[in-house]
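J.: coordinates only, sequence not included:
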């Protein structure tokens with residue numbers, strides 16, 4: 001058996017927009033690892049933002065903050081952080097422009113003073129129709145970041161911002177030559193919200209680092225994702241798989257397209273690529289939170 005190395009995005013791939021994960025997805029990961037394959041989370045989230053119920057499934061490593069960090073063998077093996085001067089430039093720009101933001105380090109997330117209230121406004125309609133709010137009145141993700149702390153740090157990998165008035169093209173122009181700017185990977189955040197990335201730091205470049213550190217064959221890698229921050233992952237892996245719920249522009253970069261996140265997409269991709277055997281008792285199982 002050829003051992004494969006699978007890199008899985010979280011939002012829109014492992015979990016849906018209600019933050020549910022299908023039982024078939026869990027089963028796919030568990031069975032593939034039991035068969036000897038290596039499974040990595042590969043996410044725009046920092047490690048601090050990955051929910052325990054995801055980590056508890058069991059993975060061999062984590063690529064986080066859009067490729068800024070790699071957690072492997074129980075420790076951070078890759079840490080690509082912003083120069084403090086660049087971080088300060090970005091924070092000053094967001095502050096002057098009235099743009100709410102948060103910074104991501106390897107294991108911490110710190111938000112600007114108005115970020116939480118702004119995000120709640122954006123999500124208000126969706127929250128009213130979902131079960132994301134927990135018994136204590138908070139969203140699960142809110143428990144993992146500090147608001148109003150010191151946002152200027154020497155360990156920032158990536159920043160995320162919420163823009164209601166400043167067009168993202170203006171933001172992109174302000175950071176031209178210094179940072180890469182991509183649209184937010186969660187559509188409800190609006191067309192002018194996005195992510196601020198170090199140039200050349202992305203999921204694809206991090207996957208190459210994993211292969212180097214572990215002595216793995218790049219051709220044996222599989223990447224599965226659905227969003228703009230997954231493009232480089234789909235391009236560098238031996239097999240790039242787009243989720244059925246991905247936009248057509250993302251599917252164009254993939255070698256394969258599986259079914260959607262709510263339609264056993266990860267399981268079907270694993271079956272197609274020989275990571276697990278087809279099993280009718282698994283497909284169609286109910287989703288759970």
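T.: All right, it came through fine. Only a predicted model underlies this, so the values are computations on that prediction, with no experimental measurement involved.

J.: contacts, neighbours, all on C-alpha from now
T.: Noted.

J.: so where is the protein shaky, pLDDT-wise?
T.: 1, 124-145, 147-148, 284-289 (pLDDT under 70).

J.: domains of it?
T.: 5-79+202-280, 84-198 (automatic domain parsing).

J.: please identify the most buried of those.
T.: domain 5-79+202-280 (a mean of 21; mean count of other CA atoms under 10 Å).

J.: kindly check the end-to-end length of that domain for me.
T.: 25 Å (CA to CA, to the nearest Å).

J.: same question, stretch 189-197
T.: OK, stretch 189-197 end separation, CA to CA: 18 Å.

J.: and stretch 153-161, end to end?
T.: 17 Å.

J.: contacts for that stretch, please.
T.: By CA atoms under 8 Å, 6 or more residues apart in numbering, the residues outside stretch 153-161 that reach it are 65-66, 68-69, 79-84, 87, 99-106, 184, 193-198.

J.: restricted to strands, list the residues you listed.
T.: Judged by DSSP state E, strands contain the following of the contacts of stretch 153-161: 69, 79, 100-104, 194-198.

J.: can I assume residue 67 is in contact with residue 201?
T.: Yes - using CA atoms under 8 Å, residue 67 is in contact with residue 201, at 5.9 Å.

J.: mind listing the shared neighbours of these two?
T.: Joint contacts of residue 67 and residue 201 (CA under 8 Å, 6+ apart) do not exist.

J.: now residue 31, what's its secondary structure?
T.: Secondary structure, DSSP: H, G, I helix; E, B strand; the rest coil: residue 31 is helix.

J.: secondary structure element for the nearest residue to it once chain neighbours are set aside?
T.: Once flanking residues are discounted, residue 31 sits nearest to residue 276: 6.4 Å by CA to CA, 6 or more residues apart in numbering. Applying DSSP states H and E as the criterion places residue 276 outside every helix and strand.

J.: I'd like the distance between residue 276 and residue 16.
T.: 22 Å.

J.: cool, and residue 112?
T.: Taken as CA to CA, the span from residue 112 to residue 16 is 27 Å.

J.: and for residue 53?
T.: 14 Å.

J.: in the stretch 51-200 of the chain, which spans are strands?
T.: For the stretch 51-200 of the chain, the strands defined by DSSP state E, counting those that start in this stretch occupy 61-64, 69-72, 75-79, 100-104, 109-111, 146-147, 158-162, 179-183, 194-198.

J.: OK, contacts around residue 71?
T.: 61-64, 77-78.

J.: let's see that with 7 Å instead.
T.: Taking CA atoms under 7 Å, 6 or more residues apart in numbering, we find residue 71 in contact with 61-63, 77.

J.: can you name the residues bridging to it?
T.: residue 62, residue 76 (DSSP bridges).

J.: how far away is it from residue 207?
T.: 12 Å.

J.: what's residue 199 sitting at in phi/psi?
T.: Note on residue 199: its backbone torsions stand at phi -60, psi 130 [degrees, to the nearest 10].

J.: quick revisit: could I get the strands of the stretch 51-200 of the chain as a markdown table with distance to residue 28?
T.: What follows is the strands of the stretch 51-200 of the chain, written out as a markdown table (distance: least, CA to CA, whole Å):
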| stretch | distance to residue 28 |
| --- | --- |
| strand 61-64 | 16 |
| strand 69-72 | 21 |
| strand 75-79 | 25 |
| strand 100-104 | 29 |
| strand 109-111 | 30 |
| strand 146-147 | 34 |
| strand 158-162 | 30 |
| strand 179-183 | 30 |
| strand 194-198 | 30 |
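
J.: all set now, cheers.
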